[in-house]
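[1] I'll drop the sequence and a predicted model, then ask my questions.
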Amino acid sequence: MKSIGLLGGLSWESTALYYRIINREIADRRGGLRSANLRLHSFDFEQVVARQKAGAWGLLAAMLGHAARGLENAGAQCVLIGSNTMHCVADEVQAAVSIPLLHIADATAVAIRQAGVRRVALLGTRYTMEQRFYVDHLARAGIDCIVPDEADRIEVHRVIFDELCQGQINPVSRQRLRILVRRLASRGAQGVVLGCTELPLILSPSDVGLPLFDTTALHALAGVDFALGTRPEQRPQRPQRSAAVCTGASHSASAALSTALTVIEQPAISSEVTKGPVRCRTTFTPAPASTLCAACTIR
């Protein structure tokens, strides 16, 4: 098994998903107590966001390049940037190392083409939606992107940084995102790219009514394919999983990461947002495969 290098902490909420997905997939494919040979560099996200706001992309490129070299020196044989936004400096990070960088948009493009979709709605941070690096990367694969209008871009960005990156899953925000996706569908979107690694925490296929491309899971699985020397078409076929969604309250990755869960709805708390290891005032019980979290790929 080859070693995976992961640049994480971008934010740690999605890095936890990467770690879970990669190790669960290795265990599923290899059996027993097998887990990934993985090196992780986790950034202090506050420092990263401050440089994003300042437009200091050159400094960020140097930071990620230095961290990627550290992963390579520690034995990593590939590198993943655990963030869609920070792929704006992917070329600089690749230039800093001699091992391959597995690009998140490449993994996403493969899945989009396999689904027969050619025009997708792109949701992400304002950097991802407004800069050209992601749209152009998908365009080179023959995929057209539709981005939200300015007001909707501001709202998606707010949900990501003010809520999801801080472990808050707000059902009011989920409903706003559902409405936003419907507007993009009316403009011709045939599928939805969750172009932020935190968005799978709040949106599932049932929320959007279109093919949904979870870039976090797709990127993590690309890392597994590299480690095991397999191709996407060789992955084991498994039942479709639903993303973690609480219909009665807010739900988060940290609850999903603890065990295989199903959510038992309780009334009168649908607009509540809480923090802590469990965000839902609900009862959790072991669940069959059809109710499990897609982001965590728990079976």
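    Good, I have the coordinates.
[2] Would you map the strands across the stretch 101-250 of the chain?
    Counting by DSSP state E, counting those that start in this stretch, the stretch 101-250 of the chain has strands at residues 119-123, 144-146, 191-194, 212-214.
[3] looking at these, which is buried most?
    strand 191-194 (a mean of 27; mean count of other C-beta atoms under 10 Å). The way it works is simple: take the backbone N, C-alpha and C, and place the C-beta from them, glycine included.
[4] Let's test this: mean pLDDT of that one, rounded?
    Strand 191-194 shows an average pLDDT of 96 in the prediction.
[5] same check, this time on stretch 227-238
    Rounded mean pLDDT across stretch 227-238 is 83.
[6] Identify each buried residue in that stretch, please.
    For stretch 227-238, the neighbour count (16 or more other C-beta atoms under 10 Å) marks 227, 228 as buried.
[7] Ramachandran coordinates for the residue lying closest to residue 185 once chain neighbours are set aside?
    With sequence-adjacent residues excluded and distances taken as C-beta to C-beta, 6 or more residues apart in numbering, residue 185 is closest to residue 210, at 6.1 Å. Dihedral pair for residue 210: phi -140, psi 160, per degrees, to the nearest 10.
[8] For residue 210, list the residues it contacts.
    Contact analysis of residue 210 by C-beta atoms under 8 Å, 6 or more residues apart in numbering lists 121, 181, 185, 189, 190, 191, 192.
[9] In CSV, list those residues along with distance to residue 199.
    Formatted as CSV, the contacts of residue 210 follow (distance: C-beta to C-beta, whole Å):
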residue, distance to residue 199
121, 12
181, 11
185, 17
189, 15
190, 18
191, 14
192, 9
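[10] Among the residues you listed, which pair sits farthest apart?
    Largest separation among the contacts of residue 210 by C-beta to C-beta: 181 and 190, giving 12.0 Å.
[11] more crowded one of these two?
    Remark: of residue 181 and residue 190, residue 181 carries more neighbours, 22 against 18, as counted by other C-beta atoms under 10 Å.
[12] Okay, that one and residue 207: tell me how far apart.
    Separation of residue 181 from residue 207 (C-beta to C-beta, to the nearest Å) stands at 7 Å.
[13] Figure out which of the strands of the stretch 101-250 of the chain is closest to residue 76.
    Of the strands of the stretch 101-250 of the chain, nearest to residue 76 by C-beta to C-beta is strand 212-214, at 23.8 Å.
[14] thought residue 183 was touching residue 155?
    No: the pair residue 183 / residue 155 is not scored as a contact, 11.5 Å apart, by C-beta atoms under 8 Å.
[15] in the stretch 151-299 of the chain, what spans have low per-residue confidence?
    Judged against pLDDT under 70, the low-scoring parts of the stretch 151-299 of the chain cover residues 238-299.
[16] now do 50
    Residues of the stretch 151-299 of the chain meeting the criterion pLDDT under 50: 240-299.
[17] Could you pull out the helices in the stretch 101-250 of the chain for me?
    Remark: helices assigned in the stretch 101-250 of the chain by DSSP state H, counting those that start in this stretch are 104-114, 126-130, 133-139, 150-158, 171-186, 205-208, 215-228.
[18] and residue 82, which of those is closest to it?
    For residue 82, the closest of the helices of the stretch 101-250 of the chain is helix 215-228, at 7.6 Å, according to C-beta to C-beta.
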